[in-house]
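>>> coords below, sequence missing:
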């Protein structure tokens, strides 16, 4: 087997009629594996960066309540859980002539949210884009209006109050920066005329899962982890990955055409040599298996080399940390996230395509050359 493979390699690299089309196909396999490794690494880094920023500000899970939250909160503390108590309400914010929808979070100072550490909750903490939309500066007054909660004594007018802006928050998550605001819990309780919070936020997967198991089945209680709350985003990111793979598979199919043509020409040139091996005692089945093993080995080596070089490029990007993007982008340097699974995908996609089309080429060659008797007879007549 080793001698047979050595013959193939010598013919590829030393023969006067070198197989340029086959080398082109191998180069395509190499570039496909390398590009798929790099694209998966960079795309994975961008996606994971977005998810990490969102989790940092939204936590690992949220449990919402319709009633009875206060008593359950005391029991949760006794159980050693660490929920962050808050009221979340959708309302309108107005400053001057500017009006914008806002998701307001009333935060309990006894269980402050981690990302609000150092923020002044004496007034409103606005998302940076929301503050820009309202055109409000520090200590500017914002009027909060709750259309869903009205004041009967005032002729069913929406409840409202005014509060100054004491701080801003930049999360680099467009949804949060554009529509969310935070305030002390007592301000929102006063606005809504309620004493209970309507949700707990958890910044710890283990705590959230323990609370969900404890509260499971209770009426009016709903627990959702980050993935369940952002099902559309998770679906979109998965779709992005699948579309990227589909595009690479389509590109690899172009390489497969070169593989088919190159192998067809290659085996047409060496069939007299194969006939010689057959005369020396190798069966046709053995010849075809050795040919397939050689093509498979060569494709695997080329794809592995592509994945290896792609991994080296990703490591270089990780260590360099160069600023490549303009200021308008959140990620100014290309983040990298690659795993054994992504490297395996980068190897298998071009390799399996090459293997399928190699099998097809060998099947066509075997179909046309079921025996080498005609070549032996032709050689005898020529002599």
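In hand now; what should we look at? These numbers were taken from a predicted model, which means no experiment stands behind them.

>>> Would you mind measuring from the residue nearest to residue 122 when sequence neighbours are not counted to residue 119?
The shortest distance from residue 122 to any residue other than its chain neighbours is 5.1 Å, reached at residue 166 (CB to CB, 6 or more residues apart in numbering). Backbone N, C-alpha and C define where each C-beta goes, glycine included. Residue 166 sits 8 Å away from residue 119, going by CB to CB, to the nearest Å.

>>> With residue 362 instead?
Distance from residue 362 to residue 119, by CB to CB: 68 Å.

>>> How about residue 83?
20 Å.

>>> If you count surrounding residues, which of those two has more?
Using other CB atoms under 10 Å, the more surrounded residue of residue 83 and residue 119 is residue 83, with 26 against 16.

>>> tell me the contacts of the more buried one?
When contacts are counted by CB atoms under 8 Å, 6 or more residues apart in numbering, residue 83 touches 63, 73, 76, 111, 200, 201, 202, 207, 211.

>>> Now with 6 Å, please.
76, 200 (CB atoms under 6 Å, 6 or more residues apart in numbering).

>>> Could I get the pLDDT score of it?
pLDDT for residue 83: 91.

>>> Got phi/psi on it?
phi -80, psi 150 (degrees, to the nearest 10).

>>> That one and residue 74: what is the separation?
11 Å.

>>> again, but for residue 225
24 Å.

>>> can you give me the helices in the stretch 201-350 of the chain?
All helices of the stretch 201-350 of the chain, identified by DSSP state H, counting those that start in this stretch, fall at 205-215, 226-229, 231-279, 284-320, 340-368.

>>> Just the mean pLDDT for the first one, thanks.
Throughout helix 205-215, pLDDT has a mean value of 92.

>>> which residues make contact with it from outside it?
Under CB under 6 Å, 6+ apart, the answer for helix 205-215 is 60, 61, 81, 82, 202, 221, 223.

>>> residues contacting the third one?
Residues counted as contacts of residue 81 (CB under 6 Å, 6+ apart) are 207, 211.

>>> One more pass at 10 Å, please.
73, 75, 200, 202, 204, 206, 207, 208, 210, 211, 214 (CB atoms under 10 Å, 6 or more residues apart in numbering).

>>> again, but for the last one
Shown here is residue 223, whose contacts under the criterion CB under 10 Å, 6+ apart are 61-64, 200, 202, 208-209, 211-216.

>>> Please repeat the previous calculation with a cut-off of 7 Å.
61, 63, 212, 215 (CB atoms under 7 Å, 6 or more residues apart in numbering).

>>> rewinding a little: worst average pLDDT in the helices of the stretch 201-350 of the chain?
helix 231-279 (a mean of 75).

>>> What's the local residue count around the residue lying closest to residue 49 once chain neighbours are set aside?
Leaving aside its sequence neighbours, residue 49 sits nearest to residue 335 (CB to CB, 6+ apart; 5.1 Å). Residues lying near residue 335 (other CB under 10 Å) number 20.

>>> same question, residue 191
22.

>>> what helix or strand does it sit in?
Assessed by DSSP states H and E, residue 191 sits inside helix 185-192.

>>> name the helices or strands packed onto that helix?
Under the contact definition 3 or more CB pairs under 7 Å, 6 or more residues apart in numbering; DSSP states H and E, helix 185-192 sits against strand 84-95, strand 98-107, strand 141-151, strand 157-169.

>>> for the second one, packing partners?
In terms of contacts (3+ CB pairs under 7 Å, 6+ apart), strand 98-107 is packed against strand 84-95, helix 128-134, helix 174-179, strand 180-184, helix 185-192.

>>> Can you list the strands that the first one pairs with?
Using DSSP bridges, the strands paired with strand 84-95 in its sheet are strand 98-107 (antiparallel), strand 141-151 (antiparallel), strand 199-202 (antiparallel).

>>> what's the answer for the shortest one, then?
Based on DSSP bridges, the pairing partners of strand 180-184 within the sheet are strand 98-107 (parallel), strand 124-127 (antiparallel).

>>> out of those, nearest to residue 39?
Residue 39 sits nearest to strand 124-127 of all those, at 32.0 Å, using CB to CB.

>>> sorry, back to before: average pLDDT across the helix holding residue 191?
89.

>>> in that helix, what's buried?
Neighbour-count burial for helix 185-192 flags 185, 187, 188, 189, 191, 192 (criterion: 16 or more other CB atoms under 10 Å).

>>> any chance of those in CSV, plus distance to residue 26?
As requested, those are exported to CSV (distance: CB to CB, whole Å):
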residue, distance to residue 26
185, 65
187, 68
188, 65
189, 70
191, 69
192, 68
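
>>> With respect to burial, which of the helices and strands packed on strand 98-107 scores highest?
Mean neighbour count, computed with mean count of other CB atoms under 10 Å, is highest for strand 180-184 among these, reaching a mean of 22.
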